[in-house]
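> just need the structure, nothing else, for what follows:
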Amino acid sequence: MHPEASTSDSLDSSVHNSIDKLPVVETPYSIVWGALFITGGFLANTVQGALGKIAQETMAPGQFLWILLLIALAVLLPTTYWSNKQENDVKNLINTLERDNLFFLLGRAVFGLCGFYLFIWAAGLGSLVDATVLLNTTPVFIPVIGVLVLNKQISGKLWLAIALGFIGLLLVVQPDASLLQNPANLIGLGAGLSAAVEFLTVRHLSQTLSPSQQTISYLLLASVLIAPIALYQWQPLTIRQLEIIAAAAGSFLVFQLLLVKAYSLAEPHQIGVFQYSSVIFAALIDWLLFTEFPNRTTLLGIVLISVGGVLSIYLERTPEQIS
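Now for the predicted structure:
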């Protein structure tokens with residue numbers, strides 16, 4: 001990403017036709033679409049986390065993640081190649097890796113893999129809702145990283161919307177003094193920080209690469225990085241385990257594609273708060289699968305999370321409008 005908004009807008013306009021025909025110029029219309037895409041993506045991500053939690057009852061997270069990545073790659077690569085619309089994406093993949101994008105592609109692979117691994121690990125050690133809530137610290141990390149590293153300017157009203165959502169997160173978690181002493185919670189918080197860095201690299205790469213190019217590159221690089229851990233943790237698999245991993249791979253692929261699409265339409269600090277919706281999805285999944293229904297305090301937190309997300313659409317002002 002670029003420090004000056006005018007430079008970013010110019011780049012967005014120049015690659016408008018390279019990202020699946022959806023508008024890249026930041027308008028209220030594109031922000032709404034970005035919010036919808038990221039909400040759908042985090043629904044898929046929550047389903048993936050639930051499947052990972054189930055899988056970890058009988059297998060290690062590294063093995064689960066590696067097989068998941070390979071399945072997703074095996075589905076996406078031939079599908080993309082035989083699609084007339086995206087055929088050039090696969091043919092030009094090597095050139096993509098050789099260009100200046102390699103640094104950001106590697107960064108996305110490393111931090112995306114760390115975020116995914118830590119999230120699945122945290123969900124397996126603790127509850128899906130707690131892991132999801134701590135993953136949702138990314139909308140707090142994103143603007144802080146943007147201000148400190150990228151010289152971004154963020155409106156005060158958007159900070160208030162983010163703060164409202166964060167208060168809702170606290171009500172859902174209902175933390176006590178031992179929150180950060182719990183390994184599962186520390187791991188989940190690390191997932192949130194890793195994901196924040198990943199999302200910023202996604203936004204940068206979306207200026208020059210299509211969603212399929214980004215996703216294929218991520219799957220290739222991440223599967224190589226996680227292979228040593230997976231082989232170290234390897235155990236024989238049953239048909240049931242493979243079915244769970246395959247379902248998680250499908251959810252993962254949907255999440256990746258929707259995530260890239262969302263951040264090709266809007267800045268992370270504009271739509272990042274919509275990942276708070278995953279807390280709602282996690283609470284519903286816990287209720288349906290494990291008959292755990294949120295208490296009144298948790299429900300209030302979910303409401304605040306939703307309100308914070310909705311308000312960001314109306315309160316957001318672009319950086320160049322901030323005095």
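> alpha carbons only for contacts and neighbour counts from here, please
Will do.
> quick check: mean pLDDT of the lengthiest helix in the chain?
Taking DSSP state H as the criterion, the chain has its longest helix at helix 28-55. Helix 28-55 shows a mean pLDDT of 87 in the predicted model.
> who are the packing partners of that helix?
Applying 3 or more Cα pairs under 8 Å, 6 or more residues apart in numbering; DSSP states H and E, we find helix 28-55 packed against helix 61-82, helix 102-125, helix 128-135, helix 239-263, helix 268-271, helix 277-290, helix 296-315.
> which strands or helices does the fourth one pack on?
Under the contact criterion of 3+ Cα pairs under 8 Å, 6+ apart, helix 239-263 touches helix 28-55, helix 61-82, helix 183-205, helix 211-232.
> contacting residues around the residue nearest to A44 when sequence neighbours are not counted?
Of all residues not flanking A44 in the chain, S251 sits nearest, at 4.9 Å (Cα to Cα, 6 or more residues apart in numbering). Neighbouring residues of S251 by Cα atoms under 8 Å, 6 or more residues apart in numbering: 44-45, 47-48.
> let's see 10 Å
For S251, the contact set (Cα atoms under 10 Å, 6 or more residues apart in numbering) comprises 41-49, 51, 68, 72, 245.
> try G41
35, 251-262, 275, 278.
> what's the closest non-adjacent residue to it?
F255 (4.2 Å).
> same thing with L70?
Going by Cα to Cα, 6+ apart, L70 has S223 as its nearest residue, at 6.7 Å.
> and the one you found, how many residues sit next to it?
20 (other Cα atoms under 10 Å).
> so who does it touch?
So S223 contacts 65-70, 73, 109, 113, 230 (Cα under 10 Å, 6+ apart).
> closest one of the residues you listed to G124?
Ranked by distance to G124 (Cα to Cα), those are led by L65 at 12.9 Å.
> from L299, how far off is the closest one?
32 Å (Cα to Cα, to the nearest Å).
> who has more neighbours, these two?
L65 (25 against 17).
> does the more buried one really touch L242, like I thought?
No - using Cα atoms under 10 Å, L65 is not in contact with L242; the gap is 11.8 Å.
> now for the two: what residues contact both?
With Cα under 10 Å, 6+ apart, L65 and L242 have common neighbours A248.
> of all the helices and strands packed on helix 239-263, which one is nearest D130?
Among these, helix 183-205 sits nearest to D130 (Cα to Cα), with 7.2 Å.
> the closest one vs helix 211-232, what angle?
Relative orientation of helix 183-205 and helix 211-232, computed by axes from the mean of the first three to the mean of the last three Cα atoms, to 10 degrees: 150 degrees.
> circling back: could you dump the helices and strands packed on helix 239-263 to a markdown table with distance to I142?
Listed next are the helices and strands packed on helix 239-263 as a markdown table, based on distance: least, Cα to Cα, whole Å:
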| stretch | distance to I142 |
| --- | --- |
| helix 28-55 | 15 |
| helix 61-82 | 25 |
| helix 183-205 | 5 |
| helix 211-232 | 20 |
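> out of those helices, flag the one nearest F104.
Across the helices and strands packed on helix 239-263, closest to F104 is helix 183-205 (Cα to Cα), at 6.0 Å.
> just the buried residues of the closest one, please?
Applying a neighbour-count criterion of 16 or more other Cα atoms under 10 Å, the buried positions in helix 183-205 are 184-205.
> picking that back up, out of the helices and strands packed on helix 28-55, which is the most enclosed?
helix 128-135 (a mean of 27; mean count of other Cα atoms under 10 Å).
> list the helices and strands that one packs on?
With contacts taken as 3 or more Cα pairs under 10 Å, 6 or more residues apart in numbering; DSSP states H and E, helix 128-135 sits against helix 28-55, helix 102-125, helix 156-173, helix 183-205, helix 277-290.
> what's the closest of those helices to I305?
That would be helix 156-173 among the helices and strands packed on helix 128-135, by Cα to Cα, at 4.2 Å.
> that closest one vs helix 296-315, what angle?
Using the same axes, to 10 degrees, helix 156-173 lies at 160 degrees relative to helix 296-315.
> how about helix 156-173: buried residues?
Using 16+ other Cα under 10 Å, the residues of helix 156-173 that count as buried are 158-159, 161-166, 168-173.
> check the burial of the residue nearest to L193 when sequence neighbours are not counted by counting its neighbours.
Nearest residue to L193, sequence neighbours excluded (Cα to Cα, 6+ apart): T138, at 6.0 Å. When neighbours are counted by other Cα under 10 Å, T138 registers 28.
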